[in-house]
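A.B. asks: Below are the sequence and a predicted model for it; my questions follow.
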Number of protein chains: 2
Amino acid sequence: MSSEKADLGNGKPPMRDALVAAAFQLFLERGYEQTTVDDIVALAGVGRRSFFRYFPSKEDVVFPDHERCLADMTAFLAEGSDDDEPVRRVCDAARLVLRMYAENPTFSVQRYRLTKQVPGLRAYELSVVWRYERALAEYLRRRFVARRDGTLQADVIAAAVVAAHNNALRSWLRSDGQDEASATVDHALAYVQSAFGGAPVPLAESQPEDVVVVVSRRGAPLWRVVQEIESTLGRA
Amino acid sequence: MSSEKADLGNGKPPMRDALVAAAFQLFLERGYEQTTVDDIVALAGVGRRSFFRYFPSKEDVVFPDHERCLADMTAFLAEGSDDDEPVRRVCDAARLVLRMYAENPTFSVQRYRLTKQVPGLRAYELSVVWRYERALAEYLRRRFVARRDGTLQADVIAAAVVAAHNNALRSWLRSDGQDEASATVDHALAYVQSAFGGAPVPLAESQPEDVVVVVSRRGAPLWRVVQEIESTLGRA
């Protein structure tokens, strides 16, 4: 078991893990602003050069896995086929981020508290979130290239997916990592999928063979028609 | 006419306007990084203290109107009544931001080009966008307080509205401020309103009295039903 634990880094060099562990120990003991890179390398027992080989700045050690996760997400989207329903595919891509957080709940919850306290880290986090959103939007733009409003739809759906994911992530972090992370994110993403298509949200489980007839004026707004269907089916 | 022009700042002190004008002249001539606050105050003919009375940092002079616009948006949302359709209200709030940009197309286009070149300004802009998004989400959370998934829906819709607005804003900026800004943003926001309700998006203008009949199995996913309606009406 303990050898498995040592392998948890999954190909990440042990020195990198040691730097992250030392940094977080000091951030929690002294505060983020009061900790210098020199303090971190002293505790980890390595030189400054080693720190900067792995992390461009002190901020980067707070989010050590985002670069890998962004690369994983980009690869996952690139591997998809044209048969994939696009909205579902970006939702599945977003799940990779939650999975990264859920791999190490204690670390994720500590970082969440730290990030809330340090404005500079909030700004860093926003830039990371923005890169995830761009990766999803770029994928959707490619998939929607033939649509008249393809870039608009891609940008809006990517933002909605990221917002739903982050809502679920924050709620999981606020539960101190106790909630079931994947159920929380599934629920949040189902809302986006129901709004933009791509998700089989069952209207009603009980009478699958019923037929629903909706009659509407052609001039009626689409949302009104949908509202009508929803209320007929008792889903509103 | 010229006295009206002098009043364009709308209550803003002339010294503040002079500092913004001097800053942008230098940013365009020398580049943002190469311009110091000392250079700006020298050209504007005022002291350093005057600069910092209006702007906490050099970055803030690049976005001189966002604080006012955020305050306007917050006030606009607070003034609303419970009769306002919530999604429509946040769309109208987002229009205030576009209007601020459209008030001064030349300045907005210059800033757009500058922001694209300077990573620090991109980060600053992300934090501003995030504050707009939070203002919209806070409003929606209050309006959706009785809904089971109120905070989730509020966060997702706020993000979608901001993404649609920014898509329209960027397309207007790329047109060098030549396109009709309000038509562009109306079109973008209509997409969000059609996805989340609250907007009378006309299905077809030509035959307003036609009747559409949709027959669907009760077990069919809602998005499939909507797709059916859209393709029947030739809107897909």
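C.D. replies: Yep, that arrived.

A.B. asks: Read off the pLDDT value for A:Leu189.
C.D. replies: With respect to pLDDT, A:Leu189 scores 96.

A.B. asks: Spatially nearest residue to it (excluding sequence neighbours)?
C.D. replies: A:Cys91 (4.4 Å; Cβ to Cβ, 6 or more residues apart in numbering or on different chains). Heads up, the C-betas are built off the backbone N, CA and C, glycines and all.

A.B. asks: Then A:Arg131?
C.D. replies: In space, A:Arg131 is closest to A:Leu70, 6.0 Å off (Cβ to Cβ, 6+ apart).

A.B. asks: One more: A:Val162?
C.D. replies: Excluding the flanking residues, the one nearest A:Val162 by Cβ to Cβ, 6+ apart is A:Glu133, at 4.7 Å.

A.B. asks: Same check on A:Ala44?
C.D. replies: A:Ala22 (4.0 Å).

A.B. asks: Extract the CA atoms of the host helix or strand of the residue nearest to A:Arg131 and return them as PDB.
C.D. replies: Using DSSP states H and E, A:Leu70 falls within helix A:66-79. Output of helix A:66-79 as PDB, limited to C-alpha atoms (Å, rounded to 0.1, in the frame of the first residue of the first chain):
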ATOM      1  CA  HIS A  66      -3.600  22.500 -13.900                       C
ATOM      2  CA  GLU A  67      -1.100  22.400 -16.800                       C
ATOM      3  CA  ARG A  68      -1.400  18.600 -16.900                       C
ATOM      4  CA  CYS A  69      -5.200  18.800 -16.700                       C
ATOM      5  CA  LEU A  70      -5.400  21.400 -19.500                       C
ATOM      6  CA  ALA A  71      -3.200  19.100 -21.600                       C
ATOM      7  CA  ASP A  72      -5.400  16.100 -20.800                       C
ATOM      8  CA  MET A  73      -8.500  18.100 -21.600                       C
ATOM      9  CA  THR A  74      -7.100  19.300 -25.000                       C
ATOM     10  CA  ALA A  75      -6.100  15.700 -25.800                       C
ATOM     11  CA  PHE A  76      -9.500  14.400 -24.800                       C
ATOM     12  CA  LEU A  77     -11.300  16.900 -27.100                       C
ATOM     13  CA  ALA A  78      -8.900  16.200 -30.000                       C
ATOM     14  CA  GLU A  79      -9.400  12.500 -29.700                       C
END
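
A.B. asks: Any chance you could list what contacts it?
C.D. replies: Applying Cβ atoms under 8 Å, 6 or more residues apart in numbering or on different chains, the contact partners of helix A:66-79 are A:89-90, A:92-93, A:96-97, A:100, A:128, A:131-132, A:135-136, A:139.

A.B. asks: Can you tell me which of the residues you listed are buried?
C.D. replies: A:89-90, A:92-93, A:96-97, A:100, A:132, A:135-136, A:139 (16 or more other Cβ atoms under 10 Å in any protein chain shown).

A.B. asks: export these to TSV and tack on secondary structure, pLDDT and distance to A:Leu189?
C.D. replies: Converted to TSV, the buried ones among the contacts of helix A:66-79 look like this (DSSP: H, G, I helix; E, B strand; the rest coil; pLDDT from 0 to 100; distance: Cβ to Cβ, whole Å):
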residue	secondary structure	pLDDT	distance to A:Leu189
A:Arg89	helix	96	12
A:Val90	helix	97	9
A:Asp92	helix	96	9
A:Ala93	helix	97	11
A:Leu96	helix	95	12
A:Val97	helix	95	12
A:Met100	helix	93	16
A:Tyr132	helix	97	14
A:Ala135	helix	98	16
A:Leu136	helix	98	12
A:Tyr139	helix	98	15
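
A.B. asks: out of the residues you listed, which one sits closest to chain B?
C.D. replies: Nearest to chain B among the buried ones among the contacts of helix A:66-79, counting by Cβ to the nearest Cβ, is A:Leu136 at 11.0 Å.

A.B. asks: OK, contacts around the closest one?
C.D. replies: A:73, A:77, A:90, A:93-94, A:157-158, A:161-162.

A.B. asks: just the strands in chain A please.
C.D. replies: A:211-217 (DSSP state E).

A.B. asks: So what are the structural domains in it, by residue number?
C.D. replies: Domains of chain A are assigned by automatic domain parsing as A:6-62, A:65-200.

A.B. asks: which stretch in these is the model least sure about?
C.D. replies: The weakest mean pLDDT among these belongs to domain A:6-62, with a mean of 87.

A.B. asks: Spatially nearest residue to the spatially most central residue of chain A, not counting backbone neighbours?
C.D. replies: Centroid-nearest residue in chain A: A:Val97, 3.9 Å away (criterion: Cα atoms, centre = their mean). Closest residue in space to A:Val97, ignoring its immediate chain neighbours: A:Cys69 at 5.8 Å, by Cβ to Cβ, 6+ apart.

A.B. asks: the helices in chain A, which residues?
C.D. replies: A:2-6, A:14-30, A:37-44, A:48-54, A:58-62, A:66-79, A:86-102, A:105-117, A:119-143, A:150-174, A:181-196, A:222-232 (DSSP state H).

A.B. asks: From the chain's centroid, how far away is the fourth one?
C.D. replies: Chain-centre distance of helix A:48-54: 28 Å, with Cα atoms, centre = their mean, to the nearest Å.
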